[in-house]
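Undergrad: What follows is a predicted protein model with its sequence.
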Amino acid sequence: MIKDIRTYKLCYEGINEERDALAVKALAEHPMEIVVTEIETSDGQVGYGESLAYGCSDVVKVTIDKILKPLLLNEDEELIENLWDKMYKATLRFGRRGIVIAGISGIDIALWDIMGKKTKKPIYKLLGGAKKKIRAYITGGYYSEKKDLERLKDEVAYYVKMGFKGVKIKIGGKSMNEDLERLKAVKEVVGDDVRIAVDANNVYTFEEALKMGKELEKLNIWFFEEPIQTDLLDLSAELAKALEVPIAGYETAYTRWEFYEIMRKKSVDIVQTDAMWTGGISEMMKIGNMAKVMGYPLIPHYSAGGISLIANLHVASALGTEWIEMHLRRNDLRDKIFKEQIEIDDGHLVTPDRPGLGYTLREGVLEEYKCKS
């Protein structure tokens with residue numbers, strides 16, 4: 001039975017100077033910020049999950065503490081699907097997207113962590129998967145006053161040296177010509193052996209995205225991620241039809257219902273989703289299997305803490321995806337949260353065979369990175 005649910009707001013300031021296009025245009029950026037959910041059972045098992053908390057950790061924490069926790073106390077922790085439905089249906093009038101689904105995501109991941117620990121199996125095996133290594137592409141090329149073209153080239157050269165065969169560069173935060181110059185500089189470094197994708201973080205209008213997409217085709221760009229606002233699915237479908245460069249997205253969508261519309265409308269060529277905000281491991285598996293049925297490749301998104309990265313990795317292994325997203329910019333909530341080191345082998349993330357998520361939170365980490373306010 002679920003004995004207690006505890007939540008922790010964690011922050012890391014170290015990457016605050018780097019921005020994507022959305023943050024540049026908003027003239028603001030938040031620190032790396034996550035909400036960690038800790039679930040304890042009556043038989044002493046403890047599991048951990050992570051929720052989306054981009055500048056909204058206070059609200060995510062309150063949602064879990066005041067709304068979701070009372071629904072789950074004294075419930076059977078093994079009935080994960082039933083508990084997901086209970087949370088979702090109890091919050092229909094004010095949930096279905098956003099903060100509530102972010103809270104459900106962290107709880108769901110923690111429940112799967114407990115299930116793996118109880119059965120002494122890694123989550124990917126509980127989900128029926130077999131793939132042990134997933135090729136990672138590295139997202140970089142963030143905007144920074146300290147990063148000129150030479151530093152950008154040095155950054156990408158480091159990724160290539162580590163064995164990664166795909167990189168993704170941020171666009172949309174500078175003029176189109178400036179961003180194209182940045183991409184040409186990256187292409188000089190990686191050559192023809194490494195794939196280059198781009199991410200506009202939803203900032204373009206349809207006309208801007210169409211114009212940029214035509215230029216990206218000339219550079220043989222791998223995919224064009226989140227070119228326009230996620231809500232504009234019909235326009236995104238027009239882009240996908242008009243452009244040869246594949247449209248990827250939308251990680252900013254929530255749950256199977258929204259992703260069904262994305263796929264039904266043919267708004268993307270590549271589906272991207274993330275366990276920390278789409279509804280957890282349970283919902284991400286549903287989206288991934290729906291993508292298989294409808295003929296779309298899925299590439300898990302990643303941008304926050306280590307728990308969500310490993311949750312995404314287990315789902316990727318279960319679904320047998322070819323690629324997964326990874327970051328290498330400084331982030332203690334990824335690199336210093338676990339006792340164990342996240343395993344990378346020749347450009348691949350290695351799925352752990354240890355029970356549950358397969359990683360143990362380092363003692364004292366919840367206090368060390370506790371948000372100051």
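TA: Yep, it's here. Residues are numbered from 1 along each chain as shown.
Undergrad: From now on I want contacts and neighbour counts done on CA atoms only, so please keep to that.
TA: Will do.
Undergrad: What residues does residue 205 make contact with?
TA: residue 228 (Cα atoms under 8 Å, 6 or more residues apart in numbering).
Undergrad: Report the separation between it and residue 247.
TA: Separation of residue 205 from residue 247 (Cα to Cα, to the nearest Å) stands at 14 Å.
Undergrad: again, but for residue 318
TA: From residue 318 to residue 247 the distance is 24 Å (Cα to Cα).
Undergrad: Show me which of those two is the more surrounded one.
TA: residue 247 (26 against 21; other Cα atoms under 10 Å).
Undergrad: was I right about the more buried one contacting residue 263?
TA: No: with contacts defined as Cα atoms under 8 Å, residue 247 does not count as touching residue 263, sitting 11.8 Å away.
Undergrad: need the helix or strand of the protein with the lowest average pLDDT.
TA: helix 21-26 (a mean of 72; mean pLDDT, DSSP states H and E).
Undergrad: What's the first helix or strand after that helix?
TA: Of the helices and strands lying after helix 21-26 in sequence (DSSP states H and E), the nearest is strand 32-41.
Undergrad: Parallel or antiparallel, list what pairs with that following strand.
TA: strand 2-12 (antiparallel), strand 46-52 (antiparallel) (DSSP bridges).
Undergrad: Tell me the helix or strand right after the shortest one.
TA: Of the helices and strands lying after strand 46-52 in sequence (DSSP H and E), the nearest is helix 57-62.
Undergrad: Let me see the ranges of the strands in the protein.
TA: Here the chain has its strands, by DSSP state E, at 2-12, 32-41, 46-52, 133-140, 166-170, 195-199, 224-225, 247-249, 270-271, 323-327, 344-345, 348-350.
Undergrad: Distance of residue 365 relative to residue 71?
TA: 28 Å.
Undergrad: With residue 201 instead?
TA: 35 Å.
Undergrad: These two: which has the busier surroundings?
TA: Higher neighbour count among residue 201 and residue 71: residue 201, with 24 against 14, using other Cα under 10 Å.
Undergrad: residues contacting the more buried one?
TA: The neighbours of residue 201, taking Cα under 8 Å, 6+ apart as the test, are 20-22, 170, 172, 225-228.
Undergrad: Who wins on neighbours among those?
TA: residue 227 leads the contacts of residue 201 on contacts (other Cα under 10 Å) with 28 neighbours.
Undergrad: Please tell me how far it sits from residue 234.
TA: Remark: distance between residue 227 and residue 234 (Cα to Cα) = 13 Å.
Undergrad: try residue 20
TA: 25 Å.
Undergrad: what does the domain assignment say about the protein?
TA: By the assignment in automatic domain parsing, the chain contains the domains 2-120+363-368, 125-350.
Undergrad: quick one: which of these has the weakest pLDDT on average?
TA: If you rank those by mean pLDDT, domain 2-120+363-368 sits at the bottom with a mean of 93.
Undergrad: distance between the ends of that domain?
TA: End-to-end for domain 2-120+363-368, by Cα to Cα: 26 Å.
Undergrad: Stretch 186-202 too?
TA: Note: stretch 186-202 ends 22 Å apart using Cα to Cα.
Undergrad: Which positions within it qualify as buried?
TA: 186-187, 189-190, 194-202 (16 or more other Cα atoms under 10 Å).
Undergrad: before we move on, what about stretch 119-128?
TA: Buried-residue list, stretch 119-128, by 16+ other Cα under 10 Å: 121-127.
Undergrad: Pull the most distant pair out of the buried residues of stretch 186-202.
TA: 189 and 202 (26.8 Å; Cα to Cα).
Undergrad: that older thread, who wins for proximity to residue 154 among the strands paired with strand 32-41?
TA: Nearest of the strands paired with strand 32-41 to residue 154, taken as Cα to Cα: strand 2-12 at 24.4 Å.
Undergrad: Residues in contact with that closest one: which ones?
TA: 31-42, 57-58, 61, 64-65, 69, 72-77, 331-333, 366, 369-371.
Undergrad: Buried only: go through those residues for me.
TA: Buried, going by 16+ other Cα under 10 Å: 31-41, 57, 61, 64-65, 69, 72-73, 77, 331-333, 366, 369-371, out of the contacts of strand 2-12.
Undergrad: Need the nearest residue in space to residue 121, chain neighbours excluded.
TA: residue 355 (4.4 Å; Cα to Cα, 6 or more residues apart in numbering).
Undergrad: ok, so what distance separates that neighbour from residue 347?
TA: For residue 355, the distance to residue 347 (Cα to Cα) stands at 24 Å.
Undergrad: try residue 32
TA: With Cα to Cα as the criterion, residue 32 and residue 347 are 24 Å apart.
Undergrad: Likewise for residue 90?
TA: Distance, residue 90 to residue 347, using Cα to Cα: 42 Å.
Undergrad: If you count surrounding residues, which of these two has more?
TA: Neighbour comparison, residue 90 and residue 347: the larger count goes to residue 347, with 20 against 13 (by other Cα under 10 Å).
Undergrad: Report the central residue of this protein.
TA: The centroid of the chain falls nearest to residue 302 when counting by Cα atoms, centre = their mean (2.7 Å).
Undergrad: My guess is that one contacts residue 325. True?
TA: Yes: counting by Cα under 8 Å, residue 325 is a contact partner of residue 302 at 5.5 Å.
Undergrad: Need the residues touching each of the two.
TA: The overlap between the contact sets of residue 302 and residue 325 (Cα under 8 Å, 6+ apart) is empty.
Undergrad: First-to-last residue distance for stretch 162-179?
TA: Across stretch 162-179, first to last residue, Cα to Cα, it's 25 Å.
Undergrad: Equivalent analysis for stretch 362-373, please.
TA: End to end - Cα to Cα - stretch 362-373 spans 22 Å.
Undergrad: So what touches it?
TA: Counting by Cα under 8 Å, 6+ apart, residues outside stretch 362-373 touching it are 8-12, 333, 336-339.
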